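Trainee: please find the sequence and the predicted model below.
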Amino acid sequence: MKGWFQRFMSGRYGFDRFSGFLSTCSLIFIVLGALFVPFLYFLGLLLLIYCYFRILSCNIQKRYQENLKYLALEGKVTGWFATRKIRFQQRKEYHYYRCPHCGQQLRVPRGRGKISITCPKCATQFLKKS
(Lines give C-alpha, C1' and ligand atoms only; values in the text may rest on other atoms or scores of the structure.)
Protein backbone atom coordinates (compact mmCIF):
# COMPACT_ATOMS: atom_id res chain seq x y z
CA MET A 1 0.00 0.00 0.00
CA LYS A 2 2.82 2.41 0.89
CA GLY A 3 4.62 1.74 -2.40
CA TRP A 4 1.41 2.35 -4.36
CA PHE A 5 0.93 5.74 -2.71
CA GLN A 6 4.56 6.74 -3.33
CA ARG A 7 4.21 5.82 -7.02
CA PHE A 8 0.92 7.70 -7.21
CA MET A 9 2.40 10.87 -5.67
CA SER A 10 5.60 10.89 -7.72
CA GLY A 11 5.53 13.78 -10.17
CA ARG A 12 2.81 15.57 -8.19
CA TYR A 13 3.22 18.81 -6.24
CA GLY A 14 2.31 17.69 -2.72
CA PHE A 15 1.57 19.59 0.48
CA ASP A 16 2.95 23.09 1.18
CA ARG A 17 2.18 26.11 3.40
CA PHE A 18 -0.56 27.41 1.10
CA SER A 19 -2.24 24.00 1.06
CA GLY A 20 -2.06 23.93 4.85
CA PHE A 21 -3.69 27.36 5.02
CA LEU A 22 -6.41 26.29 2.60
CA SER A 23 -7.15 23.09 4.48
CA THR A 24 -7.32 24.93 7.82
CA CYS A 25 -9.65 27.60 6.38
CA SER A 26 -11.84 24.95 4.77
CA LEU A 27 -12.16 23.09 8.08
CA ILE A 28 -13.13 26.31 9.89
CA PHE A 29 -15.67 27.23 7.18
CA ILE A 30 -17.19 23.73 7.20
CA VAL A 31 -17.65 23.79 10.98
CA LEU A 32 -19.07 27.33 10.96
CA GLY A 33 -21.30 26.45 8.01
CA ALA A 34 -22.64 23.37 9.73
CA LEU A 35 -23.44 25.38 12.85
CA PHE A 36 -24.58 28.77 11.55
CA VAL A 37 -24.55 29.72 7.83
CA PRO A 38 -24.94 26.99 5.15
CA PHE A 39 -23.16 29.17 2.58
CA LEU A 40 -19.92 28.86 4.56
CA TYR A 41 -20.23 25.07 4.44
CA PHE A 42 -20.19 25.09 0.63
CA LEU A 43 -17.38 27.64 0.58
CA GLY A 44 -15.39 25.33 2.86
CA LEU A 45 -16.02 22.39 0.53
CA LEU A 46 -14.83 24.44 -2.45
CA LEU A 47 -11.66 25.40 -0.58
CA LEU A 48 -11.06 21.75 0.31
CA ILE A 49 -11.49 20.70 -3.32
CA TYR A 50 -9.04 23.40 -4.43
CA CYS A 51 -6.60 22.26 -1.73
CA TYR A 52 -6.68 18.67 -2.99
CA PHE A 53 -6.38 19.91 -6.57
CA ARG A 54 -3.18 21.73 -5.62
CA ILE A 55 -1.79 18.72 -3.73
CA LEU A 56 -2.44 16.30 -6.58
CA SER A 57 -1.46 18.67 -9.40
CA CYS A 58 1.28 17.70 -11.82
CA ASN A 59 1.96 21.35 -12.76
CA ILE A 60 4.66 21.80 -10.15
CA GLN A 61 5.98 25.14 -11.41
CA LYS A 62 2.59 26.86 -11.27
CA ARG A 63 1.83 25.52 -7.77
CA TYR A 64 5.29 26.66 -6.64
CA GLN A 65 4.59 30.18 -7.93
CA GLU A 66 1.22 30.22 -6.10
CA ASN A 67 2.98 29.18 -2.89
CA LEU A 68 5.57 31.96 -3.31
CA LYS A 69 2.80 34.55 -3.71
CA TYR A 70 1.10 33.21 -0.59
CA LEU A 71 4.35 33.30 1.40
CA ALA A 72 4.99 36.91 0.32
CA LEU A 73 1.50 37.93 1.44
CA GLU A 74 1.86 35.99 4.69
CA GLY A 75 5.17 37.72 5.33
CA LYS A 76 3.61 41.14 4.87
CA VAL A 77 0.75 40.35 7.25
CA THR A 78 2.89 38.74 9.94
CA GLY A 79 5.49 41.51 9.56
CA TRP A 80 2.85 44.18 10.09
CA PHE A 81 1.64 42.47 13.27
CA ALA A 82 5.23 41.93 14.48
CA THR A 83 5.95 45.64 14.00
CA ARG A 84 2.86 46.59 15.97
CA LYS A 85 3.84 44.20 18.76
CA ILE A 86 7.34 45.66 19.01
CA ARG A 87 6.03 49.23 19.00
CA PHE A 88 3.54 48.32 21.73
CA GLN A 89 6.28 46.77 23.86
CA GLN A 90 8.52 49.84 23.41
CA ARG A 91 5.79 52.45 23.91
CA LYS A 92 7.17 53.57 27.30
CA GLU A 93 10.74 54.11 26.06
CA TYR A 94 10.27 55.51 22.54
CA HIS A 95 8.10 57.79 20.38
CA TYR A 96 7.67 56.97 16.71
CA TYR A 97 7.46 59.75 14.12
CA ARG A 98 7.35 59.93 10.33
CA CYS A 99 9.64 62.20 8.37
CA PRO A 100 7.46 64.93 6.80
CA HIS A 101 9.55 64.87 3.62
CA CYS A 102 10.13 61.19 2.74
CA GLY A 103 7.81 59.32 5.16
CA GLN A 104 10.60 57.32 6.81
CA GLN A 105 9.61 55.87 10.21
CA LEU A 106 11.83 57.26 12.99
CA ARG A 107 12.20 56.11 16.60
CA VAL A 108 13.08 58.72 19.22
CA PRO A 109 13.69 58.13 22.95
CA ARG A 110 11.07 59.60 25.31
CA GLY A 111 11.70 62.21 27.97
CA ARG A 112 14.20 64.45 26.16
CA GLY A 113 11.87 67.45 25.75
CA LYS A 114 11.64 69.28 22.43
CA ILE A 115 14.33 67.94 20.12
CA SER A 116 15.48 68.37 16.56
CA ILE A 117 15.18 65.11 14.64
CA THR A 118 17.27 64.50 11.54
CA CYS A 119 16.02 61.91 9.08
CA PRO A 120 18.82 59.47 8.17
CA LYS A 121 17.29 58.85 4.75
CA CYS A 122 16.82 62.39 3.38
CA ALA A 123 18.61 64.53 6.03
CA THR A 124 15.50 66.64 6.68
CA GLN A 125 15.41 68.23 10.13
CA PHE A 126 12.20 68.83 12.08
CA LEU A 127 11.25 69.61 15.67
CA LYS A 128 9.17 67.27 17.82
CA LYS A 129 8.50 66.70 21.50
CA SER A 130 9.96 63.43 22.75
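Mentor: Yep, it's here.

Trainee: nearest residue to the residue nearest to the spatial centre of the chain in space, please, no chain neighbours.
Mentor: By C-alpha atoms, centre = their mean, the chain has its centre lying nearest to residue 74, at 2.1 Å. Using C-beta to C-beta, 6 or more residues apart in numbering and skipping residues adjacent in sequence, the residue nearest residue 74 is residue 17, 7.3 Å away. For every residue, glycine as well, the C-beta is placed using N, CA and C.

Trainee: and for the one you found, the neighbour number?
Mentor: Neighbour count of residue 17, defined by other C-beta atoms under 10 Å: 11.

Trainee: each with direction, which strands does the helix or strand where residue 95 lies pair with?
Mentor: Using DSSP states H and E, the element containing residue 95 is strand 94-98. Strand 94-98 sits in its sheet next to strand 105-109 (antiparallel), going by DSSP bridges.

Trainee: just checking, what packs against the next helix or strand after the strand it pairs with?
Mentor: Sequence-wise, the next helix or strand downstream of strand 105-109 (DSSP H and E) is strand 114-118. Applying 3 or more C-beta pairs under 8 Å, 6 or more residues apart in numbering; DSSP states H and E, we find strand 114-118 packed against strand 105-109, strand 125-129.
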